[in-house]
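Asker: Please work out how this folds:
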Amino acid sequence: MRGPPALAGNDTPNANRRLARCPVDKMLDVVPWYKGLPELERDVVRSELRTVSLAAGEYLFRAGSRSPGWYGVVEGLVKWSSPGTDGRTLSLAGFSTGSWFGEATMIRRERFEYEVVALRPSRIVILPRDTCERLWNNNIEFTKALMTHLAQRVNWLMASYTGNVLLDVDTTVARAVAAQLDAEVHSGTRGRLKISQEEIAGLCGVSRQRCNTALTRLAREGVLQTHYGGLTVLDPDALYRFAKISRESGAPPRREN
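Answerer: Have a look, this model is predicted:
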């Protein structure tokens, strides 16, 4: 009876495990503030990260919860929304792979005034507040990254307010697609986004049928192409024109460039 095939060179089980990068490490590889830390500090930060797995429809936190730190999306898609006293919710943005959020509440040491729910199975990391405080007191690149996120968040919220008050559904849908394109800029997808029409509709707070109509119009204009499991942005500049936002100042918070 023949035994298992011989392993050549470094093809050992341990080597194979090393080659299979952890999703958290792959995400951190494209975070400039993390890569800019001294190697010893990177090891400490990595060891202090907490990981949370969410099922579709599961809340990461609800309004009134206390902030444990800064959140980063390793994989998946979560929706940021504000609950109203009448039971309705206002969709604010979607966070996908590489997005970081929750910095303002963390810095203010306040309770969350909004909620975040997973639209698909997702994995989130939490950088504890104590770790963040140590970094912003001792590392200028981390402090710059945090301040840039805050500035971008203000711009995005101003654009979202304008959109909710003044803009039509087509523009709102274009903004949701542009936000995902911006969030995945470092993911190597080349404009191919793994997001369904139902998820885009959920981010915009509109029906799937109305979302489909808006996407069809964008496709007819040559802006994007829909396909099974997602869509591909063919003309990013045109997408941002339809979204009526500036790529420099209106984009939602994302990984730092």
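
Asker: Now do the strands in the protein.
Answerer: Listed in chain order, the strands of the chain (DSSP state E) span 50-54, 59-61, 69-75, 77-83, 89-96, 100-101, 115-118, 122-128, 192-193, 224-227, 230-233.

Asker: Relative to G202, tell me which of those strands wins on proximity.
Answerer: strand 77-83 (6.2 Å; C-beta to C-beta). In short, each C-beta sits where N, CA and C put it, glycine included.

Asker: hang on, the earlier thing: among the strands of the chain, which gets the worst mean confidence?
Answerer: Lowest mean pLDDT of these: strand 89-96, a mean of 78.

Asker: Only the buried residues of that one, if you could.
Answerer: By 16 or more other C-beta atoms under 10 Å, the buried positions in strand 89-96 come out as T89, S91, L92, A93, G94, F95, S96.

Asker: and what of stretch 132-145?
Answerer: Residues of stretch 132-145 classed as buried: C132, R134, L135, W136, N139, F142, A145 (neighbour count, 16+ other C-beta under 10 Å).

Asker: Could you list the residues in contact with that stretch?
Answerer: Where contact means C-beta atoms under 8 Å, 6 or more residues apart in numbering, the residues beyond stretch 132-145 that reach it are P32, W33, G36, L37, E41, V45, G69, W70, M106, L146, E256.

Asker: got it, and stretch 44-56?
Answerer: So stretch 44-56 is in contact with 24-25, 28, 34, 37, 60, 68-69, 74, 76, 78, 118-128, 131, 135, going by C-beta under 8 Å, 6+ apart.

Asker: Filter these down to just the buried residues.
Answerer: Neighbour-count burial (16+ other C-beta under 10 Å) is assigned, among these, to 24, 28, 34, 37, 60, 68-69, 74, 76, 78, 118-120, 122-128, 131, 135.

Asker: before we move on, the earlier item: can you list the strands of the chain in JSON lines and add distance to D182?
Answerer: As requested, the strands of the chain are exported to JSON lines (distance: least, C-beta to C-beta, whole Å):
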{"stretch": "strand 50-54", "distance to D182": "22"}
{"stretch": "strand 59-61", "distance to D182": "21"}
{"stretch": "strand 69-75", "distance to D182": "13"}
{"stretch": "strand 77-83", "distance to D182": "14"}
{"stretch": "strand 89-96", "distance to D182": "10"}
{"stretch": "strand 100-101", "distance to D182": "13"}
{"stretch": "strand 115-118", "distance to D182": "18"}
{"stretch": "strand 122-128", "distance to D182": "18"}
{"stretch": "strand 192-193", "distance to D182": "11"}
{"stretch": "strand 224-227", "distance to D182": "14"}
{"stretch": "strand 230-233", "distance to D182": "10"}
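
Asker: Compare those and report which one is nearest to A201.
Answerer: A201 sits nearest to strand 89-96 of all the strands of the chain, at 9.8 Å, using C-beta to C-beta.
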